[in-house]
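Engineer: I'll drop the sequence and a predicted model, then ask my questions.
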Amino acid sequence: MNVEHLRYMVDQIAKNLAVRGHDSAVLVTVEYIDTFWEPRMKDAIFQDDRALLSPIGREAVELLTSGNAFKRVGSA
């Protein structure tokens, strides 16, 4: 799994959703990754350096790894 390509994918998802506003873009990015990415893709991006992601992408990955993503999604 090429983690550079996964970073690119996360940032493209985040970039396309940025027009919704930061918080909404983060939450939809979380939902997209959780729904459509294979477990091995998630594992690879979770183990990567998050500082290399865009702010929206970074926050989405941090929410997914913290286990708090869907608590926040439910409250939005």
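Structural biologist: Sure thing, it's come through.

Engineer: leaving aside the residues next to it on the chain, what's closest to Asp48?
Structural biologist: Counting by Cβ to Cβ, 6 or more residues apart in numbering, Asp48 lies nearest to Val3, which is 4.9 Å off, once chain neighbours are set aside. For every residue, glycine as well, the C-beta is placed using N, CA and C.

Engineer: what do you get for Leu17?
Structural biologist: Per Cβ to Cβ, 6+ apart, closest to Leu17 is Ala25, 3.9 Å.

Engineer: and the residue nearest to Asp48, how many residues sit next to it?
Structural biologist: 14 (other Cβ atoms under 10 Å).

Engineer: any idea how far the residue nearest to Ala14 when sequence neighbours are not counted lies from Ile13?
Structural biologist: Counting by Cβ to Cβ, 6+ apart, Ile56 is the residue found nearest to Ala14 once chain neighbours are left out, at 3.7 Å. Look at Ile56 and Ile13: by Cβ to Cβ, to the nearest Å, they are 9 Å apart.

Engineer: So between these two, which is more surrounded?
Structural biologist: Taking neighbours as other Cβ under 10 Å, Ile56 and Ile13 compare with Ile56 leading, 25 against 22.

Engineer: I'd like to check which residues are in contact with the spatially most central residue of the chain.
Structural biologist: Closest residue to the average C-alpha location of the chain: Ala60 at 3.6 Å, with Cα atoms, centre = their mean. Contacts here follow Cβ atoms under 8 Å, 6 or more residues apart in numbering; on that basis Ala60 touches 10, 14, 26-27, 29-30, 33, 69.
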